[in-house]
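Trainee: structure for the following, please:
(chains A, B, C and D)
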There are 4 protein chains.
Amino acid sequence: MCRFLTYSGPATVMSPLVFEASNSLVSQSKYAQKRTVPTNADGFGLGWYPLHDDPIPATFVNVDPAWSNRNLAMIASKLHTKQYFAHVRDASRGMPVSQANCHPFQHMQYLWMHNGCLEQFDCFRRTLLNSLSDRAFSLIKGNTDSEYAFALFMDKLEFNPAATVSDLEAAMVATIDKIMQIRTSCGANNNALLNFAVTDGVNTLVTRFATSASARPASLFIGQGQLVSDQGQIQLRPSTDTSEACVIVSSEPLTQDSEQWHKVMRNHIVIVSEDLRISQRPIPVGHQSL
Amino acid sequence: MCRFLTYSGPATVMSPLVFEASNSLVSQSKYAQKRTVPTNADGFGLGWYPLHDDPIPATFVNVDPAWSNRNLAMIASKLHTKQYFAHVRDASRGMPVSQANCHPFQHMQYLWMHNGCLEQFDCFRRTLLNSLSDRAFSLIKGNTDSEYAFALFMDKLEFNPAATVSDLEAAMVATIDKIMQIRTSCGANNNALLNFAVTDGVNTLVTRFATSASARPASLFIGQGQLVSDQGQIQLRPSTDTSEACVIVSSEPLTQDSEQWHKVMRNHIVIVSEDLRISQRPIPVGHQSL
Amino acid sequence: MCRFLTYSGPATVMSPLVFEASNSLVSQSKYAQKRTVPTNADGFGLGWYPLHDDPIPATFVNVDPAWSNRNLAMIASKLHTKQYFAHVRDASRGMPVSQANCHPFQHMQYLWMHNGCLEQFDCFRRTLLNSLSDRAFSLIKGNTDSEYAFALFMDKLEFNPAATVSDLEAAMVATIDKIMQIRTSCGANNNALLNFAVTDGVNTLVTRFATSASARPASLFIGQGQLVSDQGQIQLRPSTDTSEACVIVSSEPLTQDSEQWHKVMRNHIVIVSEDLRISQRPIPVGHQSL
Amino acid sequence: MCRFLTYSGPATVMSPLVFEASNSLVSQSKYAQKRTVPTNADGFGLGWYPLHDDPIPATFVNVDPAWSNRNLAMIASKLHTKQYFAHVRDASRGMPVSQANCHPFQHMQYLWMHNGCLEQFDCFRRTLLNSLSDRAFSLIKGNTDSEYAFALFMDKLEFNPAATVSDLEAAMVATIDKIMQIRTSCGANNNALLNFAVTDGVNTLVTRFATSASARPASLFIGQGQLVSDQGQIQLRPSTDTSEACVIVSSEPLTQDSEQWHKVMRNHIVIVSEDLRISQRPIPVGHQSL
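Mentor: Okay, here's the model as predicted:
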């Protein structure tokens, strides 16, 4: 289990959401509010798209707690970007803490993050690995279920360098479907939490999904508005001016403007498109009952 | 604020208290029970005396959370020692996370740890530094109040290579006295927590001290008995056989045998001598009222 | 001893000089050509000025070898800047490897790097420390002669937030002068190498200086021209168009265009001003004989 | 390519060979003499057997250069052991620097190291992985050819907890044979260097092997004698007293007593048995011509 956020909007530094907001991602690395265990201190990561003409995103990850990494504070406060991912990790039992296991994962123009756990991963890890194409197999550098899921997603996307938002959505659904199939075929029947986020630098897709009908998915929220700092307090202010407004999808509301944050429905996918329009659709896999 | 433990007793590996006990030190790095903030994840350290003929202790420290460092788990479970210190750190505000700032600190045959904070350290840091001898000045490699206090202690001990337990006690009291004087002279009047531990490999001295009359010192406990593992559960069992029994002084009780753990009195010093006899005396500095 | 480079010119990513050039800075971290020991693997650092309206530079430093840090490769290839410093460190004897000891050092709008060693630093470290103002004293987080020299420079600059290029030059000369005085007064008479670099984001000043008349300073070169990649090979091509050309000051020539690189004279200071004009002047301190 | 050493002999600290000898392993991390590239700074590792009754060895590994890791210096100088492995790594092209990729690798009572490179590993990595049993597959945490080879070795050993020295030798030969078969079947025909070391805490086996008939294997030497420090200089002195003498197998002679060091023959295996007898036999695989 982890915490993450995605940002789409006007060019900005990352520190307001990563460090300064009252429930910033770094605050959630020590004091997460919507988890039993509040600590997410097994590494962190940023992924962002440069403003200049370069479609391939950068990632910056490390294994220390987000709150004590001096470079994270620097990079979050000095880089301008219109599209970024940020993640703080709580390693699932037995999964090593290493740079290769830090999110977001990147390949081509795509970034990927996961909040959740493919329970009983050890039972079906080899089966999943064997199902991958050679190209997807070669992407895997670490040991996490999350990275394996990304490799599977790239296969489902057929490594398409010009994927549309529909292609991304279809690949995401197919990824979840395949994970459920493989888990079932290996007898992994307890609940798995599949909050995945992917972006191509323009469109962002985030799922909130639990494999068991009776289980609650990990928390997920959408925030929308103009990001402002009022007397040192970061706020999302209602705005209809699309040049000012941003869209955030995150594990927990980051600011205290509760009316600006909306919970994502169970087993739904959120799609934030280039013009910052938000749509939410049920994921046509497994159980969708609320 | 941090958590620590000292062990004196029969030769043993460190993992029972550092990892396996129900409230082990590593557990306290994430779930400390007697602090408002449960997290002590800004580095850790072990200090121990080799069993072979070498009076100079080793230290092993690093900046990651204790729970995720693979080398800590190895070293704690494979080394035998009769005397060790262990520490997990929660960095005081603004103090960097670095190896040089990890406890225990070592010089000659002495190990030193601190749980607490010399509040307003910035106000009197330079004055304290100037008060040191050149030799003590040269010991300081990091930025913490704790390390400065150790340098001061070495001065008060006159770098005595053959200090008796009385010398150690006198130097400890003089260190606390000097810290109080310097703080007062610089106008640092709010409460400071001075739980210090020092050992020469044979005797161990630990203080529980708050500079303000009205303030509560950080928690400190003494545990005594035979350390056993009963169906995977680490216990302190009553024992009168001195070849079996050990003495532990720690920020929190480590096992659930509440009758084996005793709270140290406010502004007292605990002395564990070579034969594992325990004495407790008021520290004749400042305010001793409960 | 270390290796460094400064860049002033059109907005660019840092990777051509840091990674791609035939004698790039990262290449010099393993295979430096103008040192007896080719290895500079005790940490690295970047300092750069954001393109958006923010005069305070960012720094990114770490203790691993530059060649193996995955984040350095990311940041060097994804950030655009018009002014940056880059450094690879070879720790002087006994000086710890830590983030606090990595260059460049930053305060206010200023960045500082050092290639060289204040020999016998231990002899006069405390004297130097005592000579600092409280404000300069509080800047020091690590243990290196280089950082102490920066604190001294800030004092000589009187922490001026609007220093002119003349102010910077005067403060640099005064810093070197003071270091020589303190060294002499403490009996530190063997040669010290003082290649210092400082920038305010607009002007860059770099010294090539040896304290002994008979000793050779560390190497220092100026490169000038348009930075191009020709069939994967980074080159400096002659250019009179100031919108295209850049100025590099570095410990070693970075590309193989030997006619584009000029050696800086002994005990001189190089000044690269806003319009990329280069001037070189003798440092009016100590011995200037060639 | 890397450098390593194995030690079998009287209980000792590790620092004489790891740090103090004139061509110590740490010296070889920066100034290796028998390689084109002298640097082996992509991590290091120690593996050792506790003196007390515990057959499972400890490992201590990290990713920094061996020369700058303060914990390595501590552990090497404070632990007593009769059997240890030490390794400094130079990462093969494209292989990440991570703790999981540091040698020695450990499973059950076995330690494993590799000096060399399975060239074209990417071509046959998946084939090799697929050839492993589930148990061996689950051992792999990192990305190196060396760790894959260890997993293969454990399969060839059938995870035998009571393997004799003959079993170990047979498994080693079978491992090399299988690697050659898989490489050939995947068209990987250029030379691969297979200097492997394995120990069970009692017997040590080390190979010096090149897959191509015309290629020279990586260097390998046997040192024998009593390890003494004469005026600060570590020496191997001739000794017939088996209670005093030790046997070292290492990539390069560690001391300057050239008569105490013998080169291992091409494509041979060295076996150091419990009583420190040394035997050397050709490896009955592929080409043995000199």
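Trainee: so who does the residue nearest to residue A:242 when sequence neighbours are not counted touch?
Mentor: Nearest non-adjacent residue to residue A:242, counting by CB to CB, 6 or more residues apart in numbering or on different chains: residue A:276, 6.0 Å away. Heads up, the C-betas are built off the backbone N, CA and C, glycines and all. Going by CB atoms under 8 Å, 6 or more residues apart in numbering or on different chains, residue A:276 touches A:8, A:9, A:242, A:245, A:246, A:247.
Trainee: check residue A:154 too.
Mentor: The contact partners of residue A:154, taken as CB under 8 Å, 6+ apart, are A:107, A:110, A:135, A:136, A:139.
Trainee: same question for the one helix or strand the third one maps to: list its buried residues.
Mentor: Remark: residue A:135 resides in helix A:134-137, with elements defined by DSSP states H and E. By neighbour count, with 16 or more other CB atoms under 10 Å in any protein chain shown as the criterion, the buried positions of helix A:134-137 are A:136, A:137.
Trainee: try stretch A:239-254
Mentor: Going by 16+ other CB under 10 Å, stretch A:239-254 has these buried residues: A:239, A:245, A:246, A:247, A:248, A:249, A:250, A:251, A:252, A:253, A:254.
Trainee: end-to-end on stretch A:31-42?
Mentor: Stretch A:31-42 has an end-to-end distance of 14 Å (CA to CA, to the nearest Å).
Trainee: buried set for it?
Mentor: A:31, A:32, A:35, A:38, A:39, A:40, A:41, A:42.
Trainee: average pLDDT for that stretch?
Mentor: The average pLDDT within stretch A:31-42 is 89.
Trainee: and residue A:216, how many residues sit next to it?
Mentor: The local packing of residue A:216 (other CB atoms under 10 Å in any protein chain shown) involves 11 other residues.
Trainee: doesn't it lie inside a helix?
Mentor: No. Secondary structure assignment (DSSP: H, G, I helix; E, B strand; the rest coil) places residue A:216 in coil, not in a helix.
Trainee: tell me the confidence at it?
Mentor: On the pLDDT scale, residue A:216 is placed at 93.
Trainee: hmm, back to that, give me the subset of the contacts of residue A:154 that also touch chain D.
Mentor: For chain D, no contacts are drawn from those by CB under 8 Å from any CB of the partner chain.
Trainee: confirm residue A:243 sits in a strand?
Mentor: No. Secondary structure of residue A:243 (three-state DSSP): coil, not part of a strand.
Trainee: looking at it, it is touching residue A:9, isn't it?
Mentor: No. Residue A:243 is not in contact with residue A:9 according to CB atoms under 8 Å; the separation is 9.4 Å.
Trainee: just the pLDDT for the residue of chain A positioned farthest from its centre.
Mentor: What lies farthest from the middle of chain A is residue A:231; by CA atoms, centre = their mean that is 29.8 Å. The model reports residue A:231 with a pLDDT of 89.
Trainee: got phi/psi on it?
Mentor: phi 50, psi 50 (degrees, to the nearest 10).
Trainee: can you name the residues that contact it?
Mentor: No contacts exist for residue A:231 under CB under 8 Å, 6+ apart.
Trainee: got a markdown table for the buried residues of stretch A:31-42, with secondary structure and distance to chain B too?
Mentor: A markdown table is the format used below for the buried residues of stretch A:31-42 (DSSP: H, G, I helix; E, B strand; the rest coil; distance: CB to the nearest CB, whole Å):
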| residue | secondary structure | distance to chain B |
| --- | --- | --- |
| A:31 | helix | 9 |
| A:32 | coil | 11 |
| A:35 | coil | 13 |
| A:38 | coil | 8 |
| A:39 | coil | 6 |
| A:40 | coil | 11 |
| A:41 | coil | 5 |
| A:42 | coil | 6 |
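Trainee: out of those, who's nearest chain C?
Mentor: Of all the buried residues of stretch A:31-42, residue A:42 has the smallest distance to chain C: 17.1 Å, by CB to the nearest CB.
Trainee: now the closest one: how far from residue B:184?
Mentor: Separation of residue A:42 from residue B:184 (CB to CB, to the nearest Å) stands at 43 Å.
Trainee: next: residue A:119.
Mentor: Separation of residue A:119 from residue B:184 (CB to CB) stands at 58 Å.
Trainee: redo the contacts of residue A:154 as CSV? Include distance to chain C and pLDDT.
Mentor: Listed next are the contacts of residue A:154 as CSV, based on distance: CB to the nearest CB, whole Å; pLDDT from 0 to 100:
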residue, distance to chain C, pLDDT
A:107, 14, 98
A:110, 16, 98
A:135, 21, 98
A:136, 21, 98
A:139, 15, 97
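Trainee: for the residue nearest to residue A:272 when sequence neighbours are not counted, grab the count of nearby residues.
Mentor: Excluding the flanking residues, the one nearest residue A:272 by CB to CB, 6+ apart is residue A:204, at 4.4 Å. Residues contacting residue A:204 under the criterion other CB under 10 Å number 27.
Trainee: partner residues bridging residue A:204?
Mentor: residue A:199, residue A:272 (DSSP bridges).
Trainee: residues touching it, list them.
Mentor: For residue A:204, the contacting residues are A:6, A:8, A:83, A:197, A:198, A:247, A:249, A:271, A:272, by CB under 8 Å, 6+ apart.
Trainee: next one: the third one from chain C, what distance?
Mentor: The spacing between residue A:83 and chain C, counted by CB to the nearest CB, to the nearest Å, is 13 Å.
Trainee: pLDDT value on that residue, please?
Mentor: On pLDDT, residue A:83 comes in at 98.
Trainee: point me to the helix or strand that includes it.
Mentor: strand A:81-89.
Trainee: report the distance from that strand to the chain centre.
Mentor: Relative to its chain's centre, strand A:81-89 lies at 8 Å (CA atoms, centre = their mean, to the nearest Å).
Trainee: could you point out which element follows that strand?
Mentor: For strand A:81-89, the following helix or strand on the C-terminal side (DSSP H and E) is strand A:105-107.
Trainee: partners of that following strand in the sheet?
Mentor: With DSSP bridges as the test, strand A:105-107 pairs up with strand A:110-117 (antiparallel).
Trainee: how far off centre is the very next helix or strand once past the strand it pairs with?
Mentor: Downstream of strand A:110-117, the next assigned helix or strand under DSSP H and E is helix A:121-130. Counting by CA atoms, centre = their mean, helix A:121-130 is centred 22 Å from the centre of its parent chain.
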